[in-house]
Each structure stands twice: as C-alpha cells, then as structure tokens.
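A.B. asks: coordinates for the following, if possible.
(one chain, ligands or ions: 2)
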Amino acid sequence: MVVSSADNHFFFQGMATHLKGLSDFSHIEIPSAKAYRFGIVVSQWNAEVTGALYNGAYTALIKHGALSENITELQVPGSFELTSGADILLAAKDLDAVICLGCVIQGETRHFDFICNAVANGVTNVSIKHNKPVIFGVLTTDNLEQAKDRAGGKHGNKGEEAAVTAIMMAQIKSSLV
Ligand SMILES: Nc1c(NC[C@H](O)[C@H](O)[C@H](O)CO)[nH]c(=O)[nH]c1=O
Ligand SMILES: CC(=O)[C@@H](O)COP(=O)(O)O
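C.D. replies: Ligands and ions are numbered 1, 2, ... in the order given. Reported below is the predicted structural model:
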C-alpha cells in the first residue's frame, strides 16, 4: 500500500526476496479481498511445486477475506500455456485479478529461456488486453531445490506473494475506476 506521498508521487514499501522473503508482509498494509473475484491459472508441470504455490495463493486470498466462491482455478499443461489460460479465463468470467502460477526449471537447452520470456511477455500482454491485473507468479529456477525453497520453503511462497500482489492491484484499480 501507499507508505507516503509527496506532490502526488506515491511511495510503496518494496518487497524483496533477499531482504524480506517472499511471504513477509509485516511491513505493508494489505487491503481486504472480500469484494474481489480472482482467477488462479496454475501449470501442471512440476506439480509438486505448483501445487504448493497454489495452496499458498489460495490460503493467502482466504486469509485476507476473499470468498471461496469468488476464486476460480484453471489448470493448464505447462507454464507456456499460462498466457492463453489467463486470456481464456478473463474472456469467460468477470474477474478483478488473475494469478498465474508456474515453475520453469532450467534443462540442458535454451528452451527454458524461450518459455520464461514468452510467459512473462504473454502475461503482460493479456493484462493490457483485458485491462485487468494479471500477476506473474512463475518460478524460474536453476534447479528443483531453488523452486522448493520458494514454494513454502526457506524463502517463503511465491504463490502467497502473487496473491497479495493481486489483492493490492485489485484495490488500486477499484480505487481509480
Ligand atoms: N520444461 C518446463 C515446461 N515445459 C513445457 C512448456 O511449458 C509447454 O507446456 C510446452 O512447451 C508446450 O507448449 N513447462 C513448465 O511449466 N516448466 C518446465 O520446467
Ligand atoms: C524448461 C524446459 O523446457 C526444460 O525442462 C526442458 O529440458 P531440456 O532443455 O533439457 O530439453
């Protein structure tokens, strides 16, 4: 949330992994999610990790007041399909924000780079197309251990971080519309 403002320049307390962890929100004010409808698009690749990301995101939304009936889940095969999954969901349902969750782990080839770039750019484009917040909750790691550390491990849960971001963006949009 806004921490301070001067001359209409709004300053937000930043979140940073190496400083606060993905799930330490003690330094920011999180609005109620009760009024908002959320979609969660989750990749089935590396399901052990993406399942933990989903649980983190869902739990965070409920913790901050979201109603279970206002949370729609859509599973897609891989992170590359998160873009089209978010597009399909936003075209089908009236949502206030969509969270995209995936886990891309480096293999032997440059396929990793193409997927990560495609989904980052794709999610951004879908957000602009629909004029709705679409949150990039995709882990892009060197190995499975790094992913587990960020899906409920020592660095927190990126799914939880993405859910908090979705709530904040939904509130920002609703306050300006
Ligand atoms: N290697 C990973 C993939 N690969 C699959 C792609 O996401 C996509 O489904 C395929 O290229 C067909 O379009 N996906 C992940 O989510 N994580 C990976 O590590
Ligand atoms: C990110 C990927 O698609 C990757 O897991 C595929 O592995 P590889 O690059 O060895 O084919």
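A.B. asks: rest of the way, CA atoms for contacts and neighbours
C.D. replies: Fine.
A.B. asks: in stretch 151-161, what counts as buried?
C.D. replies: Ala151, Gly152, His155, Gly156, Asn157, Lys158, Gly159, Glu160, Glu161 (16 or more other CA atoms under 10 Å).
A.B. asks: do stretch 36-53 as well
C.D. replies: Residues of stretch 36-53 classed as buried by neighbour count (16+ other CA under 10 Å): 36-47, 49-53.
A.B. asks: and for stretch 139-152?
C.D. replies: Leu139, Thr140, Thr141, Gln146, Ala147, Lys148, Arg150, Ala151, Gly152.
A.B. asks: least confident secondary structure element in this structure?
C.D. replies: Ranked by mean pLDDT, DSSP states H and E, the weakest helix or strand in the chain is strand 9-12, scoring a mean of 47.
A.B. asks: who's the residue nearest to Ile71 when sequence neighbours are not counted bridged to?
C.D. replies: With sequence-adjacent residues excluded and distances taken as CA to CA, 6 or more residues apart in numbering, Ile71 is closest to Phe38, at 4.9 Å. Beta-bridge pairing of Phe38 under DSSP bridges involves Ile71, Ala97.
A.B. asks: in helices, which of the buried residues of stretch 151-161 fall?
C.D. replies: The helices, defined by DSSP state H, take in Lys158, Gly159, Glu160, Glu161 from these.
A.B. asks: how about the residues you listed in TSV, adding pLDDT and distance to Leu89?
C.D. replies: Shown next, in TSV, are these (pLDDT from 0 to 100; distance: CA to CA, whole Å):
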residue	pLDDT	distance to Leu89
Lys158	97	21
Gly159	98	18
Glu160	97	20
Glu161	97	21
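A.B. asks: distance to ligand 2 added to the residues you listed, as TSV?
C.D. replies: What follows is those, written out as TSV (distance: CA to the nearest ligand atom, whole Å):
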residue	distance to ligand 2
Lys158	18
Gly159	19
Glu160	23
Glu161	23
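A.B. asks: close to ligand 1, is stretch 30-46?
C.D. replies: Yes - Stretch 30-46 reaches ligand 1 (CA under 6 Å from any ligand atom) through Ser43, Trp45.
A.B. asks: follow-up on the earlier one: show me the contacts for the residue nearest to Ile71.
C.D. replies: Counting by CA atoms under 8 Å, 6 or more residues apart in numbering, Phe38 touches Asn70, Ile71, Thr72, Leu95, Asp96, Ala97, Val98, Ile99.
A.B. asks: from these, which is closest to ligand 1?
C.D. replies: Ile99 (14.7 Å; CA to the nearest ligand atom).
A.B. asks: the closest one: which element?
C.D. replies: Following DSSP states H and E, the helix or strand that holds Ile99 is strand 97-105.
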